[in-house]
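In: let's see this in three dimensions:
(one chain, ligands or ions: 1)
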Amino acid sequence: MKLTSFAIMFVIIISPFIFISAQETETAIQDNKLRYYYDNIIDNAAVDAAFILSNKGTGLTYAGNVRFTEAKQLAAEVFFDTVYHSFNAKGNQSLMARVDACIPVLVFLESEGFTLYALDEYKNINGQNEIKHVWFPMQHYIGEVLSDRFIIRYTLENKIYIFDIADQTLREGDYSEFEEEISYFKDKQTFENLRLAAVKNSVEEKIMAYMDYYNQWTLGKSFSVKLEFPSIDDADWKRALTDEGIIVYAQGFPVLTGKNYKHYALGGARVIRRAPLTGYTYQGILYYCRSDCEFLQNTVVSDPGFNRDSIAYFSNAYETAAEGYFPCPNCRP
Ligand SMILES: [Zn+2]
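Out: Residues are numbered from 1 along each chain as shown. Have a look, this model is predicted:
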């Protein structure tokens, strides 16, 4: 066989593979872009909702004093409106229901406790089953029992509630008032760590219980995706705890390839003061960008070698520097 015909044979044999692999790469690129697009929609909506919370709804649709409960309701409405509009679904009942199914839970963190606004099934006035987001009862941030004796209820501030198992009393006050009795409270950092663990564990336990509940009642129903929420990084918990705010869990938006879409977003007043920064690993280097950076949106996200799981969010340059990220030369964040 002549060399040229051998070459032709070779091309004929491998060309389908070249074609498939180019297709796969293109799919992976589009898939990455799609996931990034979803992330942005959810993040922006969470920031919009947190903005309402931090203003307690004032000056928006209400005037004057609005209690947190009403602000929460308004924030939840603003959140879903923003998302519906982003997907061009507003007004289309079935599309809105699909979006709802992909964002089953919002968690509102308040000083004294947290509330789930989550999908649930209930009977409407016509006796038909309906599924929509409803408010679950507020839960407290309960920590581990200290010194085999004290059950501590934490808040997002320094105030705590102490139940003494030994003499069956309940007291409240600034944690530092109890440092003689409870040695853990002599050190501020120890207190902060206990508080962080209490908030994180209380919220995560409730989320897990909700997931079990949800997965049971949706078993065998066509619309459902099994809930498997991503766990929240400790750095994000710390950020979440600086303020009353909101945590959004999203999952199951349609993707082109690879594993299921999962995402969580945090919105709090601190995030609003400055647009969040996006950190990521690109070509082996940690960078951070403004979220609207064109280099990030066009070049990085489209790179088939880019690992989407490396994305992390920061609220200021100090946090990025502390974790060893370099500023992007393109958007100079
Ligand atoms: Zn950039």
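In: sec struct for A89, please.
Out: Here A89 is coil, with the state taken from DSSP: H, G, I helix; E, B strand; the rest coil.
In: state the pLDDT value of it.
Out: We have a pLDDT of 91 for A89.
In: let's number from 29 now, not from 1
Out: New numbering, starting at 29: the last item is A117.
In: isn't it right up against A129?
Out: No: using CB atoms under 8 Å, A117 makes no contact with A129, being 11.9 Å away. Glycine gets a C-beta too; all of them are placed from N, C-alpha and C.
In: tell me the mean pLDDT over stretch 290-308?
Out: Averaging pLDDT along stretch 290-308 yields 68.
In: residues making contact with stretch 229-237?
Out: Here stretch 229-237 makes contact (CB atoms under 8 Å, 6 or more residues apart in numbering) with 133, 135, 137, 142, 144, 167-171, 257, 259-260, 275, 277.
In: so which of those comes closest to the ion?
Out: Comparing those against the ion with CB to the ion places I260 closest, at 24.8 Å.
In: about what we covered before: inside strands: which ones of the contacts of stretch 229-237?
Out: 133, 135, 137, 142, 144, 169-170, 275, 277 (DSSP state E).
In: what is the nearest of the residues you listed to Y150?
Out: Nearest to Y150 among these: L144, at 14.9 Å, using CB to CB.
In: return the distance of Y242 relative to P165.
Out: Y242 sits 17 Å away from P165 when distances are taken as CB to CB, to the nearest Å.
In: comparing those two, which residue is more hemmed in?
Out: Neighbours per residue, other CB atoms under 10 Å: of Y242 and P165, the larger number sits with Y242, 20 against 7.
In: pretty sure the more buried one is touching L144, no?
Out: No: under the criterion of CB under 8 Å, Y242 is not in contact with L144, lying 10.8 Å apart.
In: helices or strands up against the helix or strand harbouring I159?
Out: Using DSSP states H and E, I159 sits in strand 157-163. Under the contact definition 3 or more CB pairs under 8 Å, 6 or more residues apart in numbering; DSSP states H and E, strand 157-163 sits against helix 96-114, helix 121-130, strand 142-151.
In: can you give me the angle the last one makes with strand 133-137?
Out: Relative orientation of strand 142-151 with respect to strand 133-137: 140 degrees, computed using axes from the mean of the first three to the mean of the last three CA atoms, to 10 degrees.
In: what does strand 142-151 contact?
Out: Strand 142-151 has contacts (CB under 8 Å, 6+ apart) with 100, 104, 128-129, 132-136, 157-167, 169, 227, 230-231, 234-235, 238, 242, 245.
In: any low-confidence regions in the stretch 229-361 of the chain?
Out: Applying pLDDT under 70 to the stretch 229-361 of the chain flags residues 247-258, 268, 270, 296-303.
In: the ion contacts on that one?
Out: Within reach of the ion by CB under 5 Å from the ion, the stretch 229-361 of the chain has these residues: 317, 321, 323-324, 356, 358-359.
In: need the contact list for the residue of the stretch 79-228 of the chain found nearest the ion.
Out: Nearest residue of the stretch 79-228 of the chain to the ion (CB to the ion) works out as S114 at 22.5 Å. Remark: with contacts taken as CB under 8 Å, 6+ apart, S114 is in contact with 69, 72-73.
In: from those residues, which is closest to V329?
Out: Nearest member of the contacts of S114 to V329, counting by CB to CB, is I69, at 14.6 Å.
In: on that earlier part again, which one of the ones in strands among the contacts of stretch 229-237 has the most neighbours?
Out: Per-residue neighbour counts (other CB under 10 Å) across these peak at Y169, which has 26 neighbours.
In: let me see the ranges of the strands in this protein.
Out: Using DSSP E, the strands found in the chain span residues 133-137, 142-151, 157-163, 169-170, 178-182, 187-192, 197-202, 273-279, 290-296, 305-310, 313-318, 340-342, 354-355.
In: and stretch 224-239, what's buried?
Out: By 16 or more other CB atoms under 10 Å, the buried positions in stretch 224-239 come out as 224-228, 230-231, 234-235, 238-239.
In: do me a favour and get the end-to-end distance for stretch 334-343?
Out: 23 Å (CA to CA, to the nearest Å).
In: which positions in that stretch come out as buried?
Out: So stretch 334-343, judged by 16+ other CB under 10 Å, has buried residues 334, 339-343.
In: same check, this time on stretch 285-297
Out: 289, 291-296.
In: got the domain boundaries for this protein?
Out: The chain breaks down into these domains under automatic domain parsing: 31-167+230-300, 302-361.
In: Serialize the ones you listed to a markdown table and add fields for distance to F206.
Out: Shown next, in a markdown table, are these (distance: least, CB to CB, whole Å):
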| stretch | distance to F206 |
| --- | --- |
| domain 31-167+230-300 | 18 |
| domain 302-361 | 31 |
